[in-house]
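S.K.: predicted coordinates and the sequence they were generated for:
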Number of protein chains: 4
Amino acid sequence: MTVHVGILGASGYVGAELLRLCAGHPDLEAVYAAASSRVGVPVGQIHPHLAPAYPDLVFGSIDDLPPGLDLVFLALPHGGSQDVVPSMDAGVVVDLGADFRFADASVYETWYPGPHRAPHLLDNFVFGLVELFRDQLIDATAISVPGCYVTAAALTIAPLLKEGLASPQGIVVDAYSGVTGAGGEPKTETMFATVAESLTAYGLLDHRHTPEMEAALTAYVGEPVSLLFTPHLAPTNRGILATCYLRPVGDHPTEELLEVMAGAYKTEPFIEVSERIPATKATLGSNSVHMTVRRDLRTGWIMALGALDNLMKGAAGQAVQCANLALGLAETAGLTVTGVYP
Amino acid sequence: MTVHVGILGASGYVGAELLRLCAGHPDLEAVYAAASSRVGVPVGQIHPHLAPAYPDLVFGSIDDLPPGLDLVFLALPHGGSQDVVPSMDAGVVVDLGADFRFADASVYETWYPGPHRAPHLLDNFVFGLVELFRDQLIDATAISVPGCYVTAAALTIAPLLKEGLASPQGIVVDAYSGVTGAGGEPKTETMFATVAESLTAYGLLDHRHTPEMEAALTAYVGEPVSLLFTPHLAPTNRGILATCYLRPVGDHPTEELLEVMAGAYKTEPFIEVSERIPATKATLGSNSVHMTVRRDLRTGWIMALGALDNLMKGAAGQAVQCANLALGLAETAGLTVTGVYP
Amino acid sequence: MTVHVGILGASGYVGAELLRLCAGHPDLEAVYAAASSRVGVPVGQIHPHLAPAYPDLVFGSIDDLPPGLDLVFLALPHGGSQDVVPSMDAGVVVDLGADFRFADASVYETWYPGPHRAPHLLDNFVFGLVELFRDQLIDATAISVPGCYVTAAALTIAPLLKEGLASPQGIVVDAYSGVTGAGGEPKTETMFATVAESLTAYGLLDHRHTPEMEAALTAYVGEPVSLLFTPHLAPTNRGILATCYLRPVGDHPTEELLEVMAGAYKTEPFIEVSERIPATKATLGSNSVHMTVRRDLRTGWIMALGALDNLMKGAAGQAVQCANLALGLAETAGLTVTGVYP
Amino acid sequence: MTVHVGILGASGYVGAELLRLCAGHPDLEAVYAAASSRVGVPVGQIHPHLAPAYPDLVFGSIDDLPPGLDLVFLALPHGGSQDVVPSMDAGVVVDLGADFRFADASVYETWYPGPHRAPHLLDNFVFGLVELFRDQLIDATAISVPGCYVTAAALTIAPLLKEGLASPQGIVVDAYSGVTGAGGEPKTETMFATVAESLTAYGLLDHRHTPEMEAALTAYVGEPVSLLFTPHLAPTNRGILATCYLRPVGDHPTEELLEVMAGAYKTEPFIEVSERIPATKATLGSNSVHMTVRRDLRTGWIMALGALDNLMKGAAGQAVQCANLALGLAETAGLTVTGVYP
């Protein structure tokens, strides 16, 4: 089976990662790569790592996306998808931006510039956090892939809340990300000389992934979840490490918490639960999430840690996993569980 | 005035930093550098950055430390100082290890291998967290310099607790450190190929700086302080960023908290309070601590962030600052407030 | 077809990379992983990135290597293979160490501690620099994979020498490598704090890859090749960039040199020739070599630059490519041309 | 003595480094910092590492530079100085751009966009490569500081040429630089995600520092010097390592070459000659150059390696050293020989 794929926003980091994954996928074939600012430029000139795999592919414009493709990935800046999705003619649409992540347009409009220009389509989209909402993704035709921090934090916390072992209130998510999370547009904040040898925080109190984490967990757990999320920037290309602090319900020691976490994900191909402390580097280039949990008897806190590759399970990998489900392919097709280490 | 200085443990990172600071200090002159495993080796061979400043200095043994020096810094592995301090003949002793950080030997013995071999000397030592305990350091003859994480977290939190704006219980200290914090002994955990492109945590629940933070803050605030401390490792040479979460007492917004923090440190030469989010890189090579604070009205939390150079204000810089006070020199002599950036 | 594979030296970087490649290979199945110092330890404990792919694999000892495997990779310290190869019972042996790289034992003994303990087997081994010696590798049963620098430099230079466009004498190979080239044993030289923010050289004048480059090129070109090779260490995990300076024969401008280089490799799946200046990052995790060439009309020099991933085309990837040829599999099976970028 | 200093181009990396050096200098006081795009902005907001040292300094415009300052540093983009120097009223002018580096305007115009707008002033400027042209710098009133690569290569090569030990023709300078050498303007080439984990070259054959190296060495040696210079980019903030290849004149072994190099610089405070292979990290934040040399008896080449901090001895440090000489201050005032390591 050959699935013909179009990628919008193909000159960015996530777009490039989608092209890389398609090149190694047994069924997906990238036939169109749109990048408005690069029309006519060979893909391999902007992305030299893709030159051997795509010797002949040239960036096209979004407007010239061929109709009738089996699958279209949208890796556009936030706000970009709502302008093109309404008129899109494609079998399956997988959006990696924020436009269709919230069921309620008003939540989107609270955190992003609005008004939303395609609110009538929000109901069509399934939230592509696979391990929490797999049932809805099978045979879906419109999927909205969650933000990278959201995937890291929500997957790490979800089993503890679902099983009633921790309070859904008062949660702290303290997370560090590599620089690719900030996108490919050159700016002072993401220059090597700013980032290398530095550790800092950003988006204090109001990062846009906060409502997404709360909404995803609330939907999954069935009661209101509230958390404080603090993103930080570390000098790595990829990787998110989320260190989550929760108030316990009950007296469960570390061993029990580990069992619950492992049990919840025991059939999941991309979730690795272990007593080992996760390191982002073990997930580099893979679609895996590594996680663990601890109970601190001294202060009472539960700590859960999760690591992933923000461009893979945090974006392009998860998008392919969603597309596999929607198209009836093997869920793991074209995705690896093995990080490129060291 | 020339202060004759001996440094024990001079082949390590902190020892080298003490040598660097002495080379740029108007009054301190390093006349003896001991490194048991390097006796007879020129200092510049092990530390090429020091070769121009110390063309003739050769490592000696700890046993041959000349008597009667004005000042001796000990930068030995934990447990090393308690064996040499009892018989030491020196004007001022500044220990950078953990041996004399706790007033109570039993606390030391709970967290470090014991029994303590010089418990009778514990009362002689002043805890060298300058901004909190400056009065005790003037004219002190024995000083115990705090751990790097302790300095970062305690200085960032202290004013909020002292002024009663946050609860001394339920505090979370989530901190990331550069690799030099782990010392210079080669091991897999600190190899470039392990660390670069990775974010991970370590010492979950029981890192030894936990009781030190609690003891220092308890002593300063006057009531029991309890916290959960989680250290992480990031791919930088130097730098600690501590992100601290506290439960508020009262309704004070960010502006008030910033005023209290700035007011507490307004005459401090090495503390920079600002609304800016601190970045460790701005402190590189300096003795400065950069900090800020926020109140999250949505979830209630107070967040305080502090950044410093772990080898400077977190170790050697603080030690020199302590020595300056003890010897009646200008507190800032030989120390810079300016980071080497970028 | 399932090829049963054993890997000796599986706890090191190259061993881990071989395990990663086997996990993604359609035909190779790693059934035995030997690491003398780790016998009985789960593979995923030492290599967390491999934990999801090998949940049940445990390190065994070299002595217990099962007889009759279809394929054995040896990723042992130099000198280790010559002790085990003589008694090895396996279909195809692929050695990644230096033991069997030289046809003449005396060359080995000049550059490595000797005497060679299995000189009678040297003739059995084919030198696994695929693009230069492919014919000999088809159906080979004993293959010696070249060193990482050797592959980078020899492939970049070879077409220019072969076509008589540059002199085989007076060549300079100036190369920088990432840290994994130095292996996984902890030492001061490869600690993060030594390497990060530093650029340095090592092995001046007498690095062991020098005779290998000369021997490989001499064999390929058919006349004596002599060069000065200078390796440097840069703060990256992976990657070798070789900048090669040659004296021209004739008056060929850059365009002609590029044509010759591209022509020589036009059917090669893993060689990417372009006017673009190669960057190691574009090859990360792939088996590709990116290269270019320039003629400086002002000073006369020819410059040729080649980039690759030292653990892939420089070691494990090339080994798998060799094995594929020897076993009659598709040469590209289990190998990607696409780097993990950024 | 207080020297009142103005800095033009103070928002860039070199400008910031000049401010840092002035803050630690016993005699220089920065009283004016111009940055056209930042007029009215506090210096500490753009350069947080300078916030403690300059709590009240605000960027002004170049046009409002106060007349009559004792010393003005110009750290402007190439082409900027020739527009402001003609009308400048200052005691000593130290230009860190390329505008006044060539005695002959036509050389400038060959490599930079022209025509030169102040060619009549070229003769006023002394070339500030201190160790080669110190005599001319004493009491100079207009100084042009060399490029960073130029300082590294020329100082490393100069003694060998001057003493007639190597040919002034056919030289290869292969150098790697950290990212700050490319300046502070955000662009794709200097983003963290482009640079980290990558090694690449740029400016092949025609980098602008080529004619500067040739001119400086020709002037110093007294006969025409010709070389091929290849710059590379490595993932470090600072640091240049120049690996230089020269054809020998005579039969001098390594020991003799080292003696000549050491002898040439034996009274120089900032030059460290040693058999040790230099590493850029040992020079970080200092004004030192570390260098060594080798003779390869096998292939005949002489190799000389030099390392420095491109923002210090490669720019701001050298500028301060020049200013010290011009003003009759101690040459080393405000400059350290000791790197910040690790």
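M.R.: Nice, I can see it. Numbering: from 1, shown residues only, chains lettered A, B, ... in the order given.

S.K.: dump the lowest-mean-pLDDT helix or strand in chain A to PDB, keeping only the CA atoms.
M.R.: Sorting the helices and strands of chain A by mean pLDDT, DSSP states H and E puts helix A:105-111 at the bottom, at a mean of 94. Presented in PDB, the C-alpha positions along helix A:105-111 are these (Å, rounded to 0.1, in the frame of the first residue of the first chain):
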ATOM      1  CA  ALA A 105     -13.000  27.900  20.600                       C
ATOM      2  CA  SER A 106     -13.000  30.200  23.600                       C
ATOM      3  CA  VAL A 107     -10.200  28.300  25.200                       C
ATOM      4  CA  TYR A 108      -8.200  28.700  22.000                       C
ATOM      5  CA  GLU A 109      -9.000  32.400  21.900                       C
ATOM      6  CA  THR A 110      -8.000  32.900  25.500                       C
ATOM      7  CA  TRP A 111      -4.500  31.700  24.900                       C
END
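
S.K.: how far off centre is that helix?
M.R.: 20 Å (Cα atoms, centre = their mean, to the nearest Å).

S.K.: other SSEs contacting it?
M.R.: Under the contact criterion of 3 or more Cβ pairs under 8 Å, 6 or more residues apart in numbering or on different chains; DSSP states H and E, helix A:105-111 touches helix A:209-221. All C-beta spots, glycine's among them, are computed from the backbone N, C-alpha and C.

S.K.: where does the prediction get shaky in chain A?
M.R.: Counting by pLDDT under 70, chain A shows no low-confidence range.

S.K.: in contact with the residue lying closest to A:S198 once chain neighbours are set aside, which residues?
M.R.: If the residues on either side of it in the chain are set aside, A:S198 comes closest to B:K281, at 3.4 Å by Cβ to Cβ, 6 or more residues apart in numbering or on different chains. Contacts for B:K281 (Cβ atoms under 8 Å, 6 or more residues apart in numbering or on different chains) come out as A:194, A:197-200, B:239, B:339, B:341-342, D:49.

S.K.: secondary structure class for B:K281?
M.R.: helix (DSSP: H, G, I helix; E, B strand; the rest coil).

S.K.: now render the contacts of B:K281 as a markdown table, adding secondary structure.
M.R.: A markdown table is the format used below for these (three-state DSSP):
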| residue | secondary structure |
| --- | --- |
| A:T194 | helix |
| A:E197 | coil |
| A:S198 | coil |
| A:L199 | coil |
| A:T200 | strand |
| B:G239 | coil |
| B:G339 | coil |
| B:Y341 | coil |
| B:P342 | coil |
| D:H49 | helix |
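
S.K.: between these, which is nearest C:F127?
M.R.: A:E197 (42.2 Å; Cβ to Cβ).

S.K.: that closest one touches D:R238, doesn't it?
M.R.: No. Counting by Cβ atoms under 8 Å, D:R238 is not a contact partner of A:E197; they are 9.9 Å apart.

S.K.: which neighbours do those two have in common?
M.R.: B:342, C:197.

S.K.: can I assume A:I7 sits in a strand?
M.R.: Yes. Checked against three-state DSSP, A:I7 lies within a strand.

S.K.: contacts only, for it.
M.R.: Applying Cβ under 8 Å, 6+ apart, the residues contacting A:I7 are A:15, A:18-19, A:22, A:30, A:32-34, A:72-73, A:75.

S.K.: make it 6 Å
M.R.: Shown in contact with A:I7 (Cβ atoms under 6 Å, 6 or more residues apart in numbering or on different chains): A:15, A:18, A:30, A:33, A:73.

S.K.: and those residues, which of them are in strands?
M.R.: Secondary structure assignment by DSSP state E places A:30, A:33, A:73 of the contacts of A:I7 in strands.

S.K.: by neighbour count, which of those residues wins?
M.R.: A:F73 (33 neighbours; other Cβ atoms under 10 Å in any protein chain shown).

S.K.: is it correct that that one is in contact with A:V93?
M.R.: No. In this structure, A:F73 is not within contact of A:V93 by Cβ atoms under 6 Å, at 8.4 Å.

S.K.: got a markdown table for the contacts of A:I7, with distance to chain C too?
M.R.: Listed next are those as a markdown table, based on distance: Cβ to the nearest Cβ, whole Å:
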| residue | distance to chain C |
| --- | --- |
| A:G15 | 12 |
| A:L18 | 12 |
| A:A30 | 12 |
| A:A33 | 14 |
| A:F73 | 17 |
